[in-house]
Structure formats: structure tokens, C-alpha cells
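>>> okay, here's the prediction I keep looking at, along with the sequence it came from:
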Amino acid sequence: MRLLVCHTCWSWVAPQAGNCPECLHPLDPHVPDPPLERLQQTFGDYLLRLSEVRWERVQTPNRGTLLSTTQGLMFLPFLVTNPDGSCMALQDESRWSVWRFWHGQHRARFPVLPQAADAPFDVVQQFLDSPGALFLPRRHIVRFHTRARQWSFVRALGGVVRMAPLSPQEEWQPAWRQLMAQQAEWQTLITL
């Protein structure tokens, strides 16, 4: 399966009939990604890790880390690097995965997030190096719901993104509170 970055909804997707399945915009595999400077402006700078999550989707990686940036939220999937350099998703343990049978021949790759707030972390490079990643610009998030250990992000462009936190509530709740304290615009969307 070939994944491309949609430059409209910022999802790594498998095109369907030449369109992004998330926002339905046309995808041309010959159009290069925007320059790194534009991506840096779009994504912003790393702020903090919110939680390990499971994203409710089937065709692309569903387990990874949700982090916040100065411009929105970013999902970085947990990937396994094959000996030939290709990547494969480390899916949720409840699903069958080639990983279970071949783990000795692969190397798991997880986003290495900085521990200190001033430590460098290149969100653009992490996004580009992580097939299956997603960026949710803050300006595209219309509503945020929490219900029964599930987070739903309603977007202006694309469908609803549903994620379940896998980290304990004692870890993710203070992280969300810290994000709301750092960026007041989140306070109108989030109720914990």
C-alpha cells in the first residue's frame, strides 16, 4: 500500500480513486511535499506529549503517540523498520500482526520525545519520517469530545478522528491541563 501526505488535511493516507479518503481533495503522487519552512510554519514547535493512543482506523498505523505543538496536535505512529529499510506498523496488541511472528528480524521505532521543554525536537522531520502520521491544526478542530475513555476530534476538513488514550489518566490529564494553561485557545474546546 502506498501512502501519501495530503496537503489539505495533513494525513498520511492511501489514495482512493485519486483522492484523499479523509477530506476528498485530489492527491497527485507527483506533487512534492511543501518546503520544510512551510511545514514548520504549519506544524509549529513541539510543546509536550499528551498520551500514547490507539486511533480507530484500519488501513494505516493505529497505535502511537499524540503530542501537542504550537499549532495543533500530531499523531506519530509506532513503526517497525524492516531490514530493507521499509516500515511496517506496530498495531494494537488485540489485532493480528506480522510483528508477532517476525519481531526478531525487525527493529521497533518509537518517536523519541524530548524530556526537557527546551530540548530540540523536529516535528516536521518526525512527521515526514512517519508514514501514517496525522497533524490536526488547531484551527481545523471544531469540537473535542471525551466519552468513556475515547477522544473525538471533529474537524472542519476531514472526518471525525477518534482516539483512545492508552496512557493512565494520571499521565494524560495533567498534560492536557498544561496544554490549556500554555495555549488559552484550547480552553474553549476541552473539558476534563
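Yes, it's here.
>>> any idea how far residue 8 is from the residue lying closest to residue 56 once chain neighbours are set aside?
Using CB to CB, 6 or more residues apart in numbering and skipping residues adjacent in sequence, the residue nearest residue 56 is residue 162, 4.4 Å away. The way it works is simple: take the backbone N, C-alpha and C, and place the C-beta from them, glycine included. Remark: distance between residue 162 and residue 8 (CB to CB, to the nearest Å) = 20 Å.
>>> do the same with residue 56
Summarising the geometry, the distance separating residue 56 from residue 8, computed by CB to CB, is 21 Å.
>>> please apply the same query to residue 179.
When CB to CB is the yardstick, residue 179 and residue 8 sit 25 Å from each other.
>>> follow-up on the earlier one: counting neighbours, what do you get for the residue nearest to residue 56?
Look at residue 162: counted by other CB atoms under 10 Å, it has 16 neighbours.
>>> hang on, residue 149 packs against residue 162?
No - the criterion here is CB atoms under 8 Å, and residue 149 misses it with residue 162 at 11.1 Å.
>>> is it true that residue 42 touches residue 137?
Yes - when contacts are counted by CB under 8 Å, residue 42 is listed as touching residue 137 (7.0 Å).
>>> now for the two: what residues contact both?
Taking CB atoms under 8 Å, 6 or more residues apart in numbering as the contact rule, the neighbours common to residue 42 and residue 137 are 10, 71.
>>> quick one on the thing from earlier: ok, and what's touching the helix or strand where the residue nearest to residue 56 lies?
Residue 162 is part of strand 161-165 when elements are defined by DSSP states H and E. Taking contacts as CB under 8 Å, 6+ apart, the residues outside strand 161-165 that touch it are 51-56, 66, 75, 134, 136, 149-153, 155, 172.
>>> ok, of the residues you listed, which come out buried?
Neighbour-count burial (16 or more other CB atoms under 10 Å) applied to the contacts of strand 161-165 gives 51-55, 66, 75, 134, 136, 151, 153, 155, 172.
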